[in-house]
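K.L.:
sequence below, structure please.
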Amino acid sequence: MLAAPMHSYHPILIHLPLIAFAVAIFFDLVDAWRHTPRFVQASHFLWGFALLGGALAIASGLWAYTRVDHSEQAHEIMTLHRNLALGAYSALLVAAIWRWRRPRSRAASVYAAMAFAGLLWVAYLGGKLVFDNAVGIPSDRLTGILHERESEEHEHEH
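P.N.:
Numbers count the residues shown, from 1 in each chain. Next up, the predicted model:
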């Protein structure tokens, strides 16, 4: 087992479901217009994997939401990130049910692609939280990093 705080698992758990959703939706779009059985089989597996992995990612995100050091500005972005994640996941769940009830539905495939676009916005906000707001970095560690950077005088060669 990894020796890390429980909230640290969120960044680990989010990437595979994102890729699985993207590939599953791509396969559905191809199948909706080309009727290719191998895409349907792969898509079924990927949708199941993405929904399960997405649920784990959301659970770990909700855990992290209350446990990471962050600023007031970051808290607003975290709340938006959480709310949009729940909305996008719900929309993708609807898309999964729709496509399982009506295989090869072009409308379901397009709806899923639009729902995935919402998930990409969620991912963008997650990156913004980490890279612009240092969410997830303990305050004492962040202070140490800032002092370390201030004391170093070096140039990077390009």
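K.L.:
any idea how far the spatially closest residue to residue 51 that is not a sequence neighbour is from residue 71?
P.N.:
Leaving out its chain neighbours, the residue that sits closest to residue 51 by CB to CB, 6 or more residues apart in numbering is residue 96, at 6.0 Å. Quick note: C-beta positions are derived from backbone N, CA and C, even for glycine. Remark: distance between residue 96 and residue 71 (CB to CB, to the nearest Å) = 36 Å.
K.L.:
now do residue 28
P.N.:
According to CB to CB, residue 28 stands 40 Å off from residue 71.
K.L.:
give me the more crowded residue out of the two.
P.N.:
Between residue 28 and residue 71, counted using other CB atoms under 10 Å, residue 28 has the larger neighbour count: 28 against 13.
K.L.:
where's that one, which helix or strand?
P.N.:
In this assignment (DSSP states H and E), residue 28 forms part of helix 9-34.
K.L.:
which residues touch the nearest residue to residue 14 once chain neighbours are set aside?
P.N.:
Leaving out its chain neighbours, the residue that sits closest to residue 14 by CB to CB, 6+ apart is residue 57, at 4.4 Å. Shown in contact with residue 57 (CB atoms under 8 Å, 6 or more residues apart in numbering): 10, 13, 14, 17.
K.L.:
hmm, who's touching the helix or strand hosting residue 140?
P.N.:
Per DSSP H and E, residue 140 falls inside helix 139-151. With contacts defined as CB under 8 Å, 6+ apart, helix 139-151 is touched by 69, 134, 137.
K.L.:
and these as TSV, adding pLDDT, secondary structure and neighbour count?
P.N.:
As requested, the contacts of helix 139-151 are exported to TSV (pLDDT from 0 to 100; DSSP: H, G, I helix; E, B strand; the rest coil; neighbours: other CB atoms under 10 Å):
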residue	pLDDT	secondary structure	neighbour count
69	83	coil	14
134	89	coil	19
137	82	coil	15
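K.L.:
pick the one among those residues closest to residue 88.
P.N.:
Nearest to residue 88 among those is residue 134, at 24.4 Å by CB to CB.
K.L.:
now that closest one, nearest residue through space, not along the chain?
P.N.:
residue 142 (5.5 Å).
K.L.:
neighbours around that neighbour, how many?
P.N.:
Using other CB under 10 Å: residue 142 sits among 13 other residues.
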